[in-house]
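Q: Fold the following and give me the result.
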Amino acid sequence: MIKIAPSILSADFANLERDIHRISAADYVHVDVMDGMFVPNISIGIPVVKSIRPTTSLPLDVHLMIEQPVRYVEQFCDAGADLVTCHVEADTEENLRAALEKIRAKGKKPGIVLKPKTPASAVLPFIDMVDIILVMTVEPGFGGQKFMADMMPKVQTIRGYIDAMNPGCELEVDGGVDPATAPICIANGANVLVAGSSVYQAEDIPARIAQLRG
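A: Have a look, this model is predicted:
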């Protein structure tokens, strides 16, 4: 089944609870955490994750765009994250493995993320440790960017790795996902689609979520 993870980065932050309720037909709530160092933008952190946790029964899919995520993964788990994804570019392999182990020890689902310029092979040291792999189809840091179709060979390659080495792992894409690009992502092996503006700018949000699922 294709899962949809609307990004609350595109929600109205003055009405965040309302806007999380508006995506109740989705599968995950995607939460973009940015520290102003790993990416050139600052978004939200642990207090917001904690405050939105009681507002929804959907799993919180927390994407850490932060330096050295090992410092904070346990706090995000304690705040209510269900899936926590860390960028392979954000720290050493040793520290990233430690971060993934901490997430798993908290009973949550660990994952890794790749920026557009990072090769598919970067997932291999971690593939046996994760429940989800996220491929960025835009440069991380800002919403509303154009979908990078040239990331699809990477998605295909990682799908092959997953099928061979960790079949239970989910493959997520994030960036520029809309009704035109969603089928392309699915055809190349993705089964979780992050969509921000495409969902929140739709006149009928449940219908848009169903449309993205295909």
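
Q: Return the residues in contact with residue 80.
A: Each residue near residue 80 by Cβ atoms under 8 Å, 6 or more residues apart in numbering is listed here: 49, 50, 52, 53, 60. Placement of C-beta: from N, CA and C, glycine included.

Q: Now for the residues you listed: which two are most distant?
A: 50 and 60 (10.2 Å; Cβ to Cβ).

Q: With neighbour numbers in mind, choose between those two.
A: residue 60 (23 against 15; other Cβ atoms under 10 Å).

Q: need the contacts of residue 80 in a markdown table with distance to residue 10, can you?
A: As requested, the contacts of residue 80 are exported to a markdown table (distance: Cβ to Cβ, whole Å):
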| residue | distance to residue 10 |
| --- | --- |
| 49 | 17 |
| 50 | 21 |
| 52 | 15 |
| 53 | 20 |
| 60 | 16 |
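
Q: for those, which one is nearest residue 201?
A: Using Cβ to Cβ, those come closest to residue 201 at residue 52, 20.5 Å.

Q: Can you classify the nearest residue to residue 139 once chain neighbours are set aside by secondary structure?
A: Excluding its sequence neighbours, the residue lying closest to residue 139 (Cβ to Cβ, 6 or more residues apart in numbering) is residue 116, at 6.1 Å. At residue 116 the chain is in coil, as set by DSSP: H, G, I helix; E, B strand; the rest coil.

Q: Look up phi and psi at residue 116.
A: phi -60, psi -40 (degrees, to the nearest 10).

Q: Kindly report the same for residue 76.
A: Per degrees, to the nearest 10, the backbone of residue 76 is at phi -70, psi -40.

Q: for the chain, which residue is closest to the average position?
A: Centroid-nearest residue in the chain: residue 63, 5.0 Å away (criterion: Cα atoms, centre = their mean).

Q: Adjacent strands (with direction) for the host helix or strand of that one?
A: Following DSSP states H and E, one finds residue 63 within strand 60-65. With DSSP bridges as the test, strand 60-65 is paired with strand 29-34 (parallel), strand 83-87 (parallel).

Q: export the ones you listed to JSON lines and tack on distance to residue 6, mean pLDDT and mean neighbour count?
A: Converted to JSON lines, these look like this (distance: least, Cβ to Cβ, whole Å; pLDDT from 0 to 100; neighbours: other Cβ atoms under 10 Å):
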{"stretch": "strand 29-34", "distance to residue 6": "6", "mean pLDDT": "98", "mean neighbour count": "25"}
{"stretch": "strand 83-87", "distance to residue 6": "14", "mean pLDDT": "98", "mean neighbour count": "28"}
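
Q: just checking, residue 193 touches residue 2?
A: Yes: between residue 193 and residue 2 there is a contact at 6.7 Å, judged by Cβ atoms under 8 Å.

Q: Using CSV, write out every CA atom in the strand holding residue 63.
A: The C-alpha trace of strand 60-65 is given here as CSV (Å, rounded to 0.1, in the frame of the first residue of the first chain):
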residue,chain,number,x,y,z
LEU,A,60,4.7,11.2,13.6
ASP,A,61,7.4,10.9,10.9
VAL,A,62,10.1,13.2,12.2
HIS,A,63,12.8,14.2,9.7
LEU,A,64,15.8,15.6,11.4
MET,A,65,17.7,18.1,9.2
